[in-house]
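Asker: Kindly return the folded structure for what I paste below:
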Amino acid sequence: MFQLTFWSVPALVALALTGHTLYRSRHRDETPGTASLRWLAWCVAFWATGDLLATLSESLTFKMLAMKVQTVGVAFLPVAWFTFAMTYARRMKQLPRWTIVQLAIVPIVTLGLALTNELHGLVWAGLRLQQVGNFVGLALTYGPWFQFHVLYAYALILIATVILVWELSRSGAYRRAVVAVIAAPLVVGTIHLVHLSPYNPTPWFDPTVLGFACAALLLNNGVIRVGMLDAVPTMRNRVVELLSDGVAIVDRRGRIIDINPAGAAILGLALDETLTRSIADHLRQSPLVPSLLRGQSGRISLENGSFYDVKSTVLAADPAGEPTEIALVLRDVTQQHRAAEELEVAKAKFEKQAHIDDLTALANRRMFISRLEEEIRRVERSGLPLSLLLFDLDHFKRINDTHGHDVGDRVLSVIASVTRDFKRGADVAARLGGEEFALLLPDTDAGGAVKVAQRLRATIEETRISDNRGGAIQITASFGVATITRHGTVDQVLNSADRALYRAKNAGRNRVCTPE
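Answerer: Next up is the predicted model:
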């Protein structure tokens, strides 16, 4: 017979809230956890439907049929909760199919045993009707498989809840959600355990569905209503997963503990092989690795020619202060590095152009004056002599006018090469302009400088340069030598050498002279 009593209200409330949950999640197919939440809601719906049907009839046969409908939700609800917790916390669209199959083995067996319970009584050992006022309830005695399923279900729910709470609690922004996901299974579990206990005041009525109504309300307010399905529950983890920068967690020996997809791609690893590898295997600049493992940052280059700034942060240390967990953040700076290299090359080229004569590759006048100033200061400190040779190619204008400027340039280049080969390592050779050259001789007195000038003059005189017509051009040079031993200025030294050079020219050229 049909009965309509107050005891049907909890099931109706649970169905209403479950329907609301399904409605709220209808447009969130791409959000991790949504599919599992729907599965969870459908399990509650089957449980509540079976409970509702059982309260509407006084027939034992009908109530038993309703219990079997209810078992569909009862059996699979723990798996649905576990799947929701894992997909929502770990930002997965779904668990691997084989994992779900393994988790569902016990629920499938439970459902099969419930449908055939009349043959063995492993789920419900005893069933009897019980009259309470105007309500006819169903009192149950549970079989051994039901007890095993309860242990399995609570273990699965506990593990899932711990994982979900752990992930959510890592960010202070999700306290409300943490409370909801703790309270929801706690309320259901408490009510269900009271129902199964020998102290249950209403063994003929299972109030667990009322717990699900409360749980649905908690999840609705703590997770759904505040948009948690649209938010990222593990914000820090999610951001790390999506970062274009590589993030790797390593231990004190450099073994990779965890790594995000960008980090694996940078190091050329598959995510499933990272835990067996060392960061040193992939950061080829081995001298830098020990520094990174101590929390010191640096720049590394990989074999593919890319460059990365590595920010090292110590996450955990032992009592002695030695790092045990280190976070490495790898940021691609290849473009910046190459731009910096190009800038350095351009800077070096500019400096070379600013200090080197283009034609002869000797120091230009600016560079020579700068070095002369340095050497004069050194003379003032050490008291060691400094000599300067100024020499001019004789009748150079005649060479340009007769043979052309290309031959003239060749002459200047050859004389520069002779001078470069002639000088010592500390000497400075320069082209001061036109056909005028200079040779700076540190730690050389006047007598030594004159000897150097005479040998260089003779070498230049012996040098022959092609004139483009099959002939050879002979070049001579006039030299002026100046020396300082204590004090002096750039102008004084240059003027002194210049006077000596004019003496050489006035005396007939191709000779070495000193100041008067």
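Asker: Going by C-alpha atoms from here, please, whenever you check contacts or count neighbours.
Answerer: Noted.
Asker: ranges for the strands of the stretch 101-250 of the chain?
Answerer: Secondary structure of the stretch 101-250 of the chain (DSSP state E, counting those that start in this stretch): strands at 124-132, 135-142, 246-251.
Asker: quick one, which of those strands is packed in tightest?
Answerer: Ranked by average neighbour count under the criterion mean count of other CA atoms under 10 Å, these are headed by strand 246-251 at a mean of 23.
Asker: Format the strands of the stretch 101-250 of the chain as CSV; extra columns: mean pLDDT and distance to Cys43.
Answerer: Converted to CSV, the strands of the stretch 101-250 of the chain look like this (pLDDT from 0 to 100; distance: least, CA to CA, whole Å):
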stretch, mean pLDDT, distance to Cys43
strand 124-132, 78, 20
strand 135-142, 75, 21
strand 246-251, 82, 39
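Asker: I'd like those laid out as a markdown table, including distance to Tyr199.
Answerer: A markdown table is the format used below for those (distance: least, CA to CA, whole Å):
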| stretch | distance to Tyr199 |
| --- | --- |
| strand 124-132 | 17 |
| strand 135-142 | 14 |
| strand 246-251 | 51 |
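Asker: can you tell which of these is closest to Arg299?
Answerer: strand 246-251 (13.7 Å; CA to CA).
Asker: which other helices and strands contact the very next helix or strand once past the closest one?
Answerer: Downstream of strand 246-251, the first helix or strand assigned by DSSP states H and E is strand 256-259. Strand 256-259 sits against strand 246-251, with contacts defined as 3 or more CA pairs under 8 Å, 6 or more residues apart in numbering; DSSP states H and E.
Asker: Run me through the strand neighbours of the strand it packs on, direction for each.
Answerer: strand 256-259 (antiparallel), strand 323-332 (antiparallel) (DSSP bridges).
Asker: For the longest one, which outside residues touch it?
Answerer: So the one you mean is strand 323-332. The set of residues external to strand 323-332 that reach it, using CA atoms under 8 Å, 6 or more residues apart in numbering, is 245-252, 263, 292-295, 306-318.
Asker: can you pull out the helices in the stretch 151-300 of the chain?
Answerer: If DSSP state H, counting those that start in this stretch is used as the criterion, the helices of the stretch 151-300 of the chain fall at 175-196, 208-219, 235-242, 261-267, 289-292.
Asker: Please report the separation between the first and final residues of stretch 288-296.
Answerer: End-to-end distance for stretch 288-296: 9 Å, by CA to CA, to the nearest Å.
Asker: in it, what counts as buried?
Answerer: Leu288, Val289, Leu292, Leu293, Arg294, Gly295, Gln296 (16 or more other CA atoms under 10 Å).
Asker: Same check on stretch 294-307?
Answerer: Quick answer for stretch 294-307 (16+ other CA under 10 Å): Arg294, Gly295, Gln296, Ser297, Arg299, Ile300, Ser301, Phe307.
Asker: And for the first one, nearest residue in space, chain neighbours not counted?
Answerer: This points to Arg294. Pro323 (6.4 Å; CA to CA, 6 or more residues apart in numbering).
Asker: and what of the fifth one?
Answerer: In space, not counting the residues next to it along the chain, Arg299 is nearest to Asp309; the distance is 4.4 Å by CA to CA, 6+ apart.
Asker: Many thanks, I have nothing further to ask.
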